[in-house]
Structures are given as C-alpha cells and as structure tokens.
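# predicted model follows, preceded by the sequence.
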Amino acid sequence: MNILIIGGAGYIGSHVTRELLDRNHRAVVFDNLSSGLRENLFPEAVFIHGDILRYEQLTAAMQESGAEAAVYLAAFKAVGESMIKPEKYSVNNIVGTINLLNAACKTGLKYVIFSSSAAVYGEPAYLPIDEKHPANPENYYGFTKLEIEQFLAWYDRLKGLRYASLRYFNAAGYDVKGRIKGLEQNPANLLPVIMETACGMRAELEIFGDDYDTPDGSCIRDYIHVSDLAAAHVLALEYIVQNNKSITVNLGSEAGSSVLEVLETARRITGRPIPSRIAGRRPGDPAKLTASAGLARSLLGWKAEHSDLETLVRTSWEAYQKNLSRK
C-alpha cells in the first residue's frame, strides 16, 4: 500500500516507517522537522517537508503520493507543557487532526492509524488497564488525544473513514537492529533522561518520589519497546483493511518496572554511575500503571517481543553510544 507517515522523521515515526518498508509498503514521510530529524529519513521512503497546520500541503501530499492510508504521529506530547500552554496543543493537535480528516475525505484516503495514549485514562480505577476502563484524562495532552479519538469515531460513522486508535503506554528503546540514527529531541521520559545522564548530557536524574505504595517506593510504569509499537501499527493497518472495521486497542508490555529498577539496570548495562537524587512527587503521578494488551493479542496477533527491561535499556544505550561517537 501507499502509506503517508505524518511525523515519520520523529522517534516513533522513524521506527514505524522502517517497519512499513521492511514489510514492502511504499512509505511517504510528511514532517515539518520541528522535532523530527533528517538523519531519521530512509532513502527508500519519499520525504515531503510539510506541516499538518497547512491544509493545502497535507492535501497535496495525499494526492501526489496516492496515499491509501495515513499513520498519524504528529501531535505534541509533553504532558507538563500541555498544562501550561493549552492553546499550543489545541492548535497543533486538534486543528491538525481536523485538517488531516478533511484532507482524507477530499483525496479518498480510507484508513488512519492514530498514535493515541494511555493518558486518555487518567488515574487508574483498576489495574491492569483495559480498553473498557473509563477515559478521564488528567492533563490537557491526554484530553486532546481523547478528542482526536472522538473525531475519528464521527468520521468513521459519517464518512466511512476506518481507523485504528493505538493507546500506547510508555514507549522506550531503539530499533533492535540499530538502524535509527537520530535520538529523540528534548526527551521528558525516564529512559532517555537516564541515558542523557549516563552520557554526561545531564548532571543527574531526578526521581520524583520514593514513598509510593510500591516495593521500592518509586513509581511503576509499563514500558513498551518502540520496535514492538512499530509492528503493531502495521498489524493494525492490515486488520482494518481486511475487516473494514475500526478498532481501539492498548499497546503495553503488561509488565511493570519501577523507576529504581530501570535506573539500576541502566547502571549495570552502561557501567556508568548515573547520579540521581530524590525529588518531591509530581502532582497527578499514580503509583502504578500497567496495561492489559489482551485485545491487541486477540485481534491483531500482536505481542511485545522486545519489551523486557534488558532489551529496552541495551538498545537505548547502543543508540546513544553510536550517536555520540559520530559527533
């Protein structure tokens, strides 16, 4: 299929593009390079420099590429920033989505794979979180993701646009074959922050709370390898094409790792001391978040093959070492 990857030069987008190319799809990357990197572009994929806020650019990209499907990964995603600058997130995430949906209708694009988030759930009412869990986001970023899902559902109902909404938990790691060159820009997630500290790019790691009701007192999260995420995008596309049916599924490893477990594993694998200090709790941080990915297994035949903590840390460290050695 001809597939337009919107945000395909970014961290997750580059991995999805690589997976699509590996499975013999024609990939066209559409990216404004605000956070994506040219070094994450592959010679086998067409690149179009454009912005989702420019409807005419998006429409032209769909028409010129003959795109039958789009993978949508262009939303802003910093939780803290979304609470300070909701207007920024409204324009990019909401207006950008409307442009995408209207361009799809105009050009005849039939399928959308959407990068959603476990942030749509908010504070867990029970664990593990499945797709029936109430959606009650606690930050503006999560609110925009839930709104996008609702837009998709209406365009499905009114226009026959089929979609897969993939609710990620915590994406981490790097391509298991080492083919992604560029590092995530301005990361806020735990593992890349640990890697930056190990490399000396940061002075220390802040651990937000060590008095939670968990075995070691630090928060537990469900980390999923980005290569597993990429595979799920392709399987989801195949599912909605074959079944002409939209789906919403969680993508997680179903295993939780604490902040201190991740840190100690990183110290062992990198051989670096990785200085850290305990800071206060962050508002709205639940003690534990883990996914139920049973629906993705049953519908897509998907499973998290690379999401063990060792592989997550090792592939991250290899990517950081390669990137720094080139500078």
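Everything's here; your move.

# quick one, strands of the stretch 201-327 of the chain?
For the stretch 201-327 of the chain, the strands defined by DSSP state E, counting those that start in this stretch occupy 205-208, 220-225, 247-251, 256-258, 276-279.

# need those in CSV (columns: mean neighbour count).
All C-beta spots, glycine's among them, are computed from the backbone N, C-alpha and C. As requested, these are exported to CSV (neighbours: other CB atoms under 10 Å):
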stretch, mean neighbour count
strand 205-208, 17
strand 220-225, 25
strand 247-251, 23
strand 256-258, 22
strand 276-279, 12
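
# go through those strands and name the closest to Asn99.
Nearest to Asn99, of all the strands of the stretch 201-327 of the chain, is strand 247-251, at 22.0 Å by CB to CB.

# re the thing from before, can I get the strands of the stretch 201-327 of the chain in JSON lines with mean pLDDT and distance to Ser34?
Below are the strands of the stretch 201-327 of the chain laid out as JSON lines (pLDDT from 0 to 100; distance: least, CB to CB, whole Å):
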{"stretch": "strand 205-208", "mean pLDDT": "96", "distance to Ser34": "26"}
{"stretch": "strand 220-225", "mean pLDDT": "97", "distance to Ser34": "25"}
{"stretch": "strand 247-251", "mean pLDDT": "98", "distance to Ser34": "25"}
{"stretch": "strand 256-258", "mean pLDDT": "97", "distance to Ser34": "31"}
{"stretch": "strand 276-279", "mean pLDDT": "96", "distance to Ser34": "29"}
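
# what's in contact with the worst-scoring helix or strand of the chain on mean pLDDT?
Among the helices and strands of the chain, helix 79-84 carries the lowest confidence by mean pLDDT, DSSP states H and E, at a mean of 90. Helix 79-84 has contacts (CB atoms under 8 Å, 6 or more residues apart in numbering) with Phe76, Lys88, Tyr89, Ala119, Asn139, Tyr140, Tyr141, Gly142, Thr144, Ala188.

# how about it: buried residues?
Within helix 79-84, the residues that qualify as buried are Val79, Glu81, Ser82, counting by 16 or more other CB atoms under 10 Å.

# who's in contact with the nearest residue to Leu300 once chain neighbours are set aside?
Excluding its sequence neighbours, the residue lying closest to Leu300 (CB to CB, 6 or more residues apart in numbering) is Leu235, at 4.2 Å. Leu235 makes contacts with Leu300, Gly301, Trp302, as judged by CB under 8 Å, 6+ apart.

# looking at those residues, which are in helices?
Applying DSSP state H to the contacts of Leu235, the entries found in helices are Leu300.

# my read: Arg162 touches Gln242, true?
No - using CB atoms under 8 Å as the test, Arg162 is too far from Gln242 to be in contact (10.6 Å).

# looking at those two, which is more packed in?
Using other CB atoms under 10 Å as the criterion, Arg162 and Gln242 rank with Arg162 on top: 22 against 8.

# give the burial count for the nearest residue to that one once chain neighbours are set aside, as a bare number.
Leaving out its chain neighbours, the residue that sits closest to Arg162 by CB to CB, 6+ apart is Ile240, at 4.6 Å. For Ile240, the number of neighbouring residues by other CB under 10 Å comes to 20.
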